[in-house]
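**Student:** this is the structure alone, sequence omitted:
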C-alpha cells in the first residue's frame, strides 16, 4: 500500500478548492451580461419604421414620458405620417406644449393588448390632461379596430418592458 505524502494531500486539497472556487466565480452573472428588456422609448429609438416619431420625441424631450409604466402607445409609423402629410419639422415647429400634446395624445394610461381593446372597445384616458382615445370595432370588419375614427391598428402588440405599442396607419391628432 502506498502512502500519500503530506505534501500530496495538501496539493489535492488546494487543487480541489481552486477548482470549486473557479466554478463558483465563473457562474456569477454580471450586470453587464444581463439583457434588459427594451422600453417603448428604446423600441422607437432603434426601429427605422419610427424615424419621424423618433425625431419628434428627441426634439421635444419626450423619451421619459414613453418610459412610464403600464402604457399603450398608438404609434404612427413613417408611412402613417407621410399619408397624413405630417413631418417631424411640422410638429417640431409647433409651440413646445403643442408638440408635446401631439405625442401624449397617442398614449393611454393602461397596458392593453389588441385582444383587450377588441373585447372591450370604448374611451380610454390618455396621459395628456382630460384627453381620451376612442377605440371601436370597424363596421366593415370584425377583426379591425378603428382609433379616434381616423386610424387602424396595422401592427398589433409590440411588447416592451413598460407597456405595449399598437402601430397605427395614421396619427390620432391632425395638424392644420
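**Tutor:** Noted; the coordinates are in hand. If you're wondering where the values come from, they're calculated on a predicted model, not measured in any experiment.

**Student:** neighbours around residue 138, how many?
**Tutor:** 11 (other C-beta atoms under 10 Å). Backbone N, C-alpha and C define where each C-beta goes, glycine included.

**Student:** give me the distance between the nearest residue to it once chain neighbours are set aside and residue 170.
**Tutor:** Nearest non-adjacent residue to residue 138, counting by C-beta to C-beta, 6 or more residues apart in numbering: residue 144, 3.8 Å away. Look at residue 144 and residue 170: by C-beta to C-beta, to the nearest Å, they are 13 Å apart.

**Student:** and what of residue 57?
**Tutor:** Using C-beta to C-beta, residue 57 is found at 18 Å from residue 170.

**Student:** same thing with residue 49?
**Tutor:** From residue 49 to residue 170 the distance is 15 Å (C-beta to C-beta).

**Student:** higher neighbour count, the two?
**Tutor:** Between residue 49 and residue 170, residue 170 has the larger neighbour count (other C-beta under 10 Å), namely 21 against 17.

**Student:** quick one, what contacts that one?
**Tutor:** Residues in contact with residue 170 (C-beta atoms under 8 Å, 6 or more residues apart in numbering) are 76, 80, 83, 84, 150, 151, 152.

**Student:** can you do 7 Å?
**Tutor:** 76, 80, 83, 84, 150, 151 (C-beta atoms under 7 Å, 6 or more residues apart in numbering).

**Student:** which of those ranks first by neighbour count?
**Tutor:** Among those, residue 76 has the most neighbours (other C-beta under 10 Å), with 26 neighbours.
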